[in-house]
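> Build me a model from this:
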Amino acid sequence: MAEATPLPSNTPVKHNRIETGTFGATGVDLTIKRRELRTSMHQKFIVVSTDMFMEKYVPPLSDPALQRVSATDTILKDVPVQSGSEVKMYEPLVKALTDAGICPKFKFAITASRGDIADPSKEAPDIGLYPSRLTPHAVEGPDGKIHAPATNWSAVELCIECKTSSAAHDPFDETELDNEPDTNMRKAVLGQILSYAEFILKRQQRMWVFMVLILGSQCRLLRFDRAGVIASQKFDYKTRGGTLIEFLWRYARWPAASTRGHDPTATYISPTSPTGKKMRRRATQNKDETKPEDYVRRLFEESLDVRWPWWKLRVEGKGLKGKVWVRFFLVGKPNFFASGVAGRGTKGFIAVDANNIDGPFYYLKDAWRVIGLDIDMEGNILQYLNNKAVEYIPTLECHGDVGGRKKQMTETDALWAEINEKEGGEDEKEEDDDNNKKDLISPFKTHRHYRIVVKEVGQPMSEFTSSRQLVHVLRCCILAHKEAYEANVIHRDVSAGNVLLYYDKKAKQWCGLLNDWEMSKRTDLPDKGRQLDRTGTWQFMSAMALMTPGKEIKVADELESFFHVLLYFAIRFVYHNCENVVDFMHEYFDTHNDISGRPQCGAYKYSCITNGCILLTMAATASEDQNKTKDTEEMGLLTFCWPSTTGSLLPLPHPLNTVITTFLQWTKARYSLLKPKASLPGHSTLENLPPTNQDKIVLRSYNGTSQFSSSNRLKEAAARKLAEDEAQNIHDHTPFSDLLGAVIHGDYGEWPLADKTEDQLPKEGYKRDADLKRPANDHAKSGSMLGGIPQPLGKGSSQKRPVAAVEEPEVAGPSKNEKSLSLRRSTRTKRSRK
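A predicted model of the protein is given here:
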């Protein structure tokens, strides 16, 4: 019987796609991407007999005239299998299947050498099965040479991946309880097939995806859905070729595309069809780039990418008295899609109503929501918050599970339950075994396809125009979080993707929009875990949440996440003294420590949050005496600066430095109360400067009087008491909101009006070993210690060692060696597979 993990009292965090995801600093790196895909799929594999696979997932054809003759069983017996020469397998395999007419109305294409033109990674399966009219062909290039067919992830029906060894290349190890491999080569193949499945699920409207894996003379049939992977046991397709041929025979003849995994509620829209032409016309209708709100129309126009499929999506639900309603929306390329195979698989679209194409734009979210006790639909949560008049959140238009009465559900989780129920039933005579059966917790989540449509269309926060606007937008989202929390709802997934920039036409100003409430939770309900794990956005989770995944997410964690969002955009788009932005972002946001085989908060991020400052340089190693601080000249603080017309940076106080300095003092106080620790460098705050007459921003819930406390006059005798007072600032929304309101108002200095620069994160992203020749620990520009910048405390400053706080769990932070401030040092180690 498979091992099961007990459900925790608080849902722990499952960390997905740490480095190469949407917000990671790492560029396109197949090795890292595939490794993280494997990690995210831990315990998500089931291997069953080939007969069971065929019986449950490959239904027979009902028309007797379509039955296959057994003479085709041996058509693959001459496919060559030679170690290290998988290329020699392609043409004989395709020729045998094509000549026998196994898949009419479909064609096989050998695409191993050319990736999709719309995908920069250029990943390509060996062989793809395509509808005849969409089959890629060899083309003549500008150089006059003939180029092989290119992969088309939007059209491929079925991938066939060929390997020459049935043992060395097999991605599944049936001797292990989790069926996962333990050699590098087998792990690489597993990452490869997961990556191909991810592409198809991302580009197409699929409920599940089939795949054929050739391993020398052996073969596995695979089925992927949003819960996990089901694989058949290996069989010899040369001597038992009838199984593979029967699978392909049925696959190509099923009358409904939904049997192959296509979503029947999604209809493909050709760009040249009447509907496609109407979508194009709507994209340019009322175009006026001088109006701030025109960005919504522009986003819709950009989504009409002919390299991606366009869709007509059905959204249905129940209204008053149980009356069923149905609406249709037209969409193009998603402007957001989540990574991974198993999981919610969220896609976001700019949409128009199919029955009112000239009407308003909407935002449509397509996801596979988790089904479980006390997990509500996001639309119900939004409707509740809308009724409570919570501001700066989306307004619900409509929502519902996809498929109506025939709801689309994952099946991998159901198979696990079926297998374990049968195995458990055999042991019912033994009382202990029977009790164990009742206590089994499936490692698979149950997902149901779901769509939600809201009225507001935001744009990425990266589109802000000034650092002052960035802070204002973030403050709007904090106020939304505050009002929702007062209505007994906590968001629990604050990230750069969920904090949006939105133009309010009524208020005639830009504001923030706190989006994606799917992971939110009611605070007035019993506190218990609802899932085996939850997925958080690694880069923006609090250090405490990363160090103690089982802890309950509190307001302090969410406010720290807002701070990480602010730093994420500021370090990329605002002038500062950090020269190596890509290295900084990699170390602060992406890296992690492996502790007992589980990723935990990276040393640099943890150090910044607990030390109360962001150091860019430290030439000397940390002192053995933790009560001593380093000299000022040995440190360089991250400092945001004013730009000048000559391109240099001006030594003028920037209000962002006040926000960072003050907030980090709060986190330092909070974390110091969790576990006794040594005194660490602190900061003084900037002196108040008179407000200036700048662009108008109407501040709601700000009376001009800041309510946050200051720690500038900490005394040795009252260190703990003052630390407790300081830490309280991060346990409530008001101090942070007031701090941002004060700096926006100009209470802490004048704002530069045009201080947004081009993205300082290179498009190619972080590259390993690219900086080995540069001096270690050097991320600061020359002359980084500018006038007016907060300085660390001098030598001899110290604080008492406060004891652990009782209101929060103790955090086991990195050791002294792990807590190095070096930005060069890699914090990743080989992770235990179990």
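> So, low pLDDT: which residues of the protein?
For the chain, the stretches flagged by pLDDT under 70 are 1-28, 320-321, 422-439, 526-535, 617-635, 675-696, 701-703, 705-718, 765-834.
> Residue 506: neighbour count?
Using other CB atoms under 10 Å, residue 506 has 5 other residues around it. (Glycine included, C-beta is placed from N, CA and C.)
> That one belongs to a helix?
No - counting by DSSP: H, G, I helix; E, B strand; the rest coil, residue 506 is not found in a helix; it is coil.
> Correct me if wrong: residue 392 contacts residue 479.
Yes - contact criterion CB atoms under 8 Å: residue 392 and residue 479 qualify, at 6.1 Å.
> Which residues are in contact with residue 489?
Applying CB atoms under 8 Å, 6 or more residues apart in numbering to residue 489 gives the contacts 381, 384-385, 517, 520-523.
> Among those residues, name the ones in helices.
381, 384-385 (DSSP state H).
> Quick check: of those, which has the highest neighbour count?
Ranked by neighbour count (other CB under 10 Å), the ones in helices among the contacts of residue 489 have residue 385 at the top, with 23 neighbours.
> quick one: it and residue 484 touch, right?
Yes - the pair residue 385 and residue 484 passes the contact test of CB under 8 Å, sitting 5.7 Å apart.
> For the lengthiest strand in the chain, what is the distance to the chain centroid?
In the chain, with assignment by DSSP state E, the single longest strand is strand 356-371. Taking CA atoms, centre = their mean, to the nearest Å, the mean C-alpha location of strand 356-371 is offset from the chain mean by 19 Å.
> Identify the contacts common to residue 385 and residue 484.
Counting by CB under 8 Å, 6+ apart, the residues touching both residue 385 and residue 484 are 393, 517.
> Out of the ones in helices among the contacts of residue 489, flag the one nearest to residue 699.
Closest approach between the ones in helices among the contacts of residue 489 and residue 699, by CB to CB: residue 385, at 22.0 Å.
> What distance do you get for that closest one to residue 392?
Noted for residue 385: a distance of 10 Å to residue 392, by CB to CB, to the nearest Å.
> Then residue 614?
From residue 614 to residue 392 the distance is 28 Å (CB to CB).
> What about residue 763, how many residues nearby?
Residue 763 has 8 nearby residues by other CB under 10 Å.
> Can I take it that it is in a strand?
No - using three-state DSSP, the assignment for residue 763 is coil, not a strand.
> May I have the phi/psi pair for residue 643?
Here is the backbone geometry of residue 643 (degrees, to the nearest 10): phi -80, psi 160.
> Make residue 1 into 5 and carry on from there
Will do, 5 is the new start, and the previous item becomes residue 647.
> count of neighbours near residue 350?
Residue 350: 19 neighbours (other CB under 10 Å).
> Quick check, it in contact with residue 339.
No - the pair residue 350 / residue 339 is not scored as a contact, 11.6 Å apart, by CB under 8 Å.
> Next, show the common contact partners of the two.
Joint contacts of residue 350 and residue 339 (CB under 8 Å, 6+ apart) do not exist.
> ok, residue 390 - contacts?
Contacts of residue 390 (CB under 8 Å, 6+ apart): 397, 399-400.
> And for residue 455?
So residue 455 contacts 317, 319, 368-371, 403-404, 406 (CB under 8 Å, 6+ apart).
> which SS state does it fall under?
Going by three-state DSSP: residue 455 is strand.
> beta partners for it?
Note on residue 455: beta-bridge partners residue 370, residue 404, judged by DSSP bridges.
> List the buried residues for stretch 665-682?
For stretch 665-682, the neighbour count (16 or more other CB atoms under 10 Å) marks 665-679, 681 as buried.
> mind listing what the closest residue to residue 41 other than its chain neighbours touches?
For residue 41, ignoring the flanking residues on the chain, the nearest one in space by CB to CB, 6 or more residues apart in numbering is residue 198 at 4.4 Å. Applying CB under 8 Å, 6+ apart to residue 198 gives the contacts 38, 41-42, 45, 228, 233, 345.
> Kindly report the same for residue 340.
Contacts of residue 340 (CB under 8 Å, 6+ apart): 26, 350-352, 501.
> which one among those gets closest to residue 260?
Nearest member of those to residue 260, counting by CB to CB, is residue 351, at 23.1 Å.
> and that closest one, how many residues sit next to it?
Count around residue 351 with other CB under 10 Å applied: 20.
> likewise residue 763?
Other residues lying near residue 763 total 12 when counted by other CB under 10 Å.
> Now residue 101: which helix or strand?
Assigned by DSSP states H and E, residue 101 belongs to helix 91-103.
> Now the phi/psi pair for residue 49, please.
phi -120, psi 140.
> residue contacts, it?
176, 182-184, 232-233, 235.
> Residue 165 is in contact with residue 200, correct?
Yes - taking contacts as CB under 8 Å, residue 200 lies within contact range of residue 165: 7.1 Å.
> just to revisit the earlier point, tabulate the contacts of residue 49 in CSV, adding columns for secondary structure and neighbour count.
CSV is the format used below for those (DSSP: H, G, I helix; E, B strand; the rest coil; neighbours: other CB atoms under 10 Å):
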residue, secondary structure, neighbour count
176, coil, 24
182, coil, 18
183, coil, 19
184, coil, 20
232, strand, 23
233, strand, 25
235, strand, 24
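> what's the closest of the contacts of residue 340 to residue 98?
Using CB to CB, the contacts of residue 340 come closest to residue 98 at residue 351, 32.3 Å.
> which residues touch the closest one?
206, 338, 340-342, 369-371.
> same check, this time on residue 559
Counting by CB under 8 Å, 6+ apart, residue 559 has contacts 489, 494, 734-737.
> let's go with 10 Å and repeat that
By CB atoms under 10 Å, 6 or more residues apart in numbering, the residues touching residue 559 are 485-486, 489, 494, 527, 734-737, 740.
> same thing with residue 145?
Neighbour list for residue 145: residue 151 [criterion: CB under 10 Å, 6+ apart].
> again with the one 10 residues further on
Residue 155 makes contacts with 113, 115-123, 126-129, 132, 134, 140, 163, 200, 203, as judged by CB under 10 Å, 6+ apart.
> Please repeat the previous calculation with a cut-off of 7 Å.
Going by CB atoms under 7 Å, 6 or more residues apart in numbering, residue 155 touches 115, 118-120, 128-129, 132.
> Now intersect those residues with the strands, please.
When the contacts of residue 155 are checked against strands (DSSP E), the matches are residue 132.
> which of the contacts of residue 155 are buried?
The buried subset of the contacts of residue 155 (16+ other CB under 10 Å) comprises 115, 118-120, 128-129, 132.
> out of those residues, who's nearest residue 108?
Looking across those and measuring by CB to CB, the closest to residue 108 is residue 132, at 16.7 Å.
> partner residues bridging the closest one?
In beta-bridge terms (that is, DSSP bridges), residue 132 pairs with residue 113, residue 163.
> Please report the distance of it from residue 483.
Taken as CB to CB, the span from residue 132 to residue 483 is 50 Å.
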